[in-house]
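**Student:** Structure here, sequence nowhere to be found:
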């Protein structure tokens, strides 16, 4: 195809010396590069990858909402059921996927640490950003779709809603990082953690209002921060929804701070071990 | 130049901690092509990664004011489902080549690796020869003060090998190499100073022939 070039003249002048950059600039460009790579890798897995990556979660949410509205009837807690499920399930799935994706991030990006600019933390941040963008796109598609068919999709407390969403994301980030560090030390617990996320679906009140869950178990169920998050998010979107007693933003904030502290602390302690090629 | 101060490096294995280097201090004079030789498992590649900053010592410090490449010909960092072009762009972004500089790099690699319009195919569809040509070209597209070379010096067919050697000779006008190898003629040809890695210690030989003699005994 290409004629063999004489390596002297045309090639050598193509090269130019790069300017030194500050640490912040390096991290910024590394995260940017990783986000693009991550997105490309997700889209590139299949033919029409970009479409599938969006269609799959859209179908997942759509099927669940429609299925459960058939079983449970049209309204719950004064809201139309599909709207009720969508509002809680979309963020829950985002948090779950974020945590699980971070857990696998180390193994999938191991070869990248040969470039000294890339550190495991950058790959975590990039994953969260990609996951959030995908999730936000899917959610908007569904919201527009639902609104088209006449559902009321207004958010009653938009600012508070965004803050709670961000808080949940921070929580998922901390959780994912701890899972990543834990599974790096003990790879065999991965399937256990994956399975543990399944019942979380039901005890977090994703499909029914938390007030429908057994009252006797409430003190125990309220230990689960996902329940708090889902309830808070619903209360902020749906104007007449009252979260179950004991749900508090403060609890989630405290837990998030503690989790992030542990995650970043143990990351700092284990950072040499994480990038080393000799183990894991 | 490199300055190693009290460097300790160990790896945690299932059987416990294994030390590669303990309290190692040495300084490598500037402006020399460095050859790292030693038996298998002596710690040559670890030392190379430490010098390149891809691995960090447990304690102590490694100081240098020079820019150092990633291991030349590294293709493990490629994402198989991404096209050659996207992979080249990825590395360019990490090394801060944006906009026109990035397009320049892509052009350079495409021309150097002679892959033509394969550049827009996913890397996983490449033959192993093409892949390593791209990897080698990518290393050559950037200017570093030191190039890290771990064993692989020649890829592809005879004609491409010649081309690699020529470009590399040209690079050596301004840059230096850190070469890890078991092939002594290569060390004789390229290096000005030899570091013999043995039993967790490092001996510096300013005289290459002497270093090779010490390695052989």
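**Tutor:** Arrived safely, thanks for sending. Remember, it's a predicted structure, so these values are computed and weren't measured experimentally.
**Student:** rest of the way, CA atoms for contacts and neighbours
**Tutor:** Noted.
**Student:** burial of the nearest residue to residue B:87 once chain neighbours are set aside, as a residue count?
**Tutor:** Nearest residue to residue B:87, sequence neighbours excluded (C-alpha to C-alpha, 6 or more residues apart in numbering or on different chains): residue B:78, at 6.1 Å. Counted with other C-alpha atoms under 10 Å in any protein chain shown, the neighbours of residue B:78 add up to 21.
**Student:** pretty sure residue B:78 is touching residue B:124, no?
**Tutor:** No. With contact defined as C-alpha atoms under 8 Å, residue B:78 does not reach residue B:124; the gap is 9.1 Å.
**Student:** Can you give me the buried ones in the helix or strand hosting residue A:259?
**Tutor:** In this structure, residue A:259 sits in helix A:249-275 according to DSSP states H and E. Using 16 or more other C-alpha atoms under 10 Å in any protein chain shown as the test for burial, helix A:249-275 gives A:251-253, A:256, A:259-260, A:262-264, A:267, A:271, A:273-275.
**Student:** want to try JSON lines for the residues you listed, with distance to residue A:84 and pLDDT as columns?
**Tutor:** Shown next, in JSON lines, are the buried residues of helix A:249-275 (distance: C-alpha to C-alpha, whole Å; pLDDT from 0 to 100):
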{"residue": "A:251", "distance to residue A:84": "23", "pLDDT": "94"}
{"residue": "A:252", "distance to residue A:84": "22", "pLDDT": "94"}
{"residue": "A:253", "distance to residue A:84": "24", "pLDDT": "95"}
{"residue": "A:256", "distance to residue A:84": "26", "pLDDT": "95"}
{"residue": "A:259", "distance to residue A:84": "29", "pLDDT": "95"}
{"residue": "A:260", "distance to residue A:84": "30", "pLDDT": "95"}
{"residue": "A:262", "distance to residue A:84": "34", "pLDDT": "96"}
{"residue": "A:263", "distance to residue A:84": "33", "pLDDT": "95"}
{"residue": "A:264", "distance to residue A:84": "35", "pLDDT": "95"}
{"residue": "A:267", "distance to residue A:84": "38", "pLDDT": "92"}
{"residue": "A:271", "distance to residue A:84": "42", "pLDDT": "82"}
{"residue": "A:273", "distance to residue A:84": "45", "pLDDT": "77"}
{"residue": "A:274", "distance to residue A:84": "41", "pLDDT": "81"}
{"residue": "A:275", "distance to residue A:84": "43", "pLDDT": "77"}
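**Student:** Restricting to these, which residues neighbour chain B?
**Tutor:** Among these, the residues within reach of chain B (C-alpha under 8 Å from any C-alpha of the partner chain) are A:273, A:275.
**Student:** Report the two of the buried residues of helix A:249-275 separated the most.
**Tutor:** Across these, the longest distance by C-alpha to C-alpha is 34.0 Å; it joins A:251 and A:275.
**Student:** How about residue A:155, nearest residue that isn't a chain neighbour?
**Tutor:** Leaving aside its chain neighbours, residue A:155 sits nearest to residue A:237 (4.4 Å; criterion: C-alpha to C-alpha, 6+ apart).
**Student:** In this structure residue B:55 contacts residue B:49, no?
**Tutor:** Yes. At 5.5 Å, residue B:55 counts as touching residue B:49 under the criterion of C-alpha under 8 Å.
**Student:** hmm, back to that, please identify which of the buried residues of helix A:249-275 is nearest to residue A:163.
**Tutor:** Nearest member of those to residue A:163, counting by C-alpha to C-alpha, is residue A:253, at 11.1 Å.
**Student:** That closest one: what's its closest spatial neighbour, skipping adjacent residues?
**Tutor:** Closest residue to residue A:253 in three dimensions, ignoring its sequence neighbours and counting by C-alpha to C-alpha, 6+ apart: residue A:167, at 7.2 Å.
**Student:** which SS class is the one you found?
**Tutor:** Judged by DSSP: H, G, I helix; E, B strand; the rest coil, the three-state class of residue A:167 is helix.
**Student:** any idea how far it lies from residue A:58?
**Tutor:** Going from residue A:167 to residue A:58 by C-alpha to C-alpha, to the nearest Å gives 24 Å.
**Student:** what distance separates the start and the end of stretch B:186-198?
**Tutor:** 20 Å.
**Student:** Sorry, slip of the keys, the one I care about is stretch A:238-248.
**Tutor:** Stretch A:238-248: ends 17 Å apart by C-alpha to C-alpha.
**Student:** residues of it that come out buried?
**Tutor:** Across stretch A:238-248, burial judged by 16+ other C-alpha under 10 Å covers A:238, A:241, A:242, A:243, A:244, A:247, A:248.
**Student:** backbone phi and psi for residue B:63, please?
**Tutor:** Main-chain torsions, residue B:63, degrees, to the nearest 10: phi -110, psi 130.
**Student:** about what we covered before: just the pLDDT for the residue nearest to residue A:155.
**Tutor:** Note for residue A:237: predicted pLDDT of 90.
**Student:** With residue A:124 instead?
**Tutor:** Reported pLDDT for residue A:124: 93.
**Student:** check which helix or strand covers the nearest residue to it once chain neighbours are set aside.
**Tutor:** Excluding the flanking residues, the one nearest residue A:124 by C-alpha to C-alpha, 6+ apart is residue A:102, at 5.9 Å. Here residue A:102 sits within helix A:81-109, counting by DSSP H and E.
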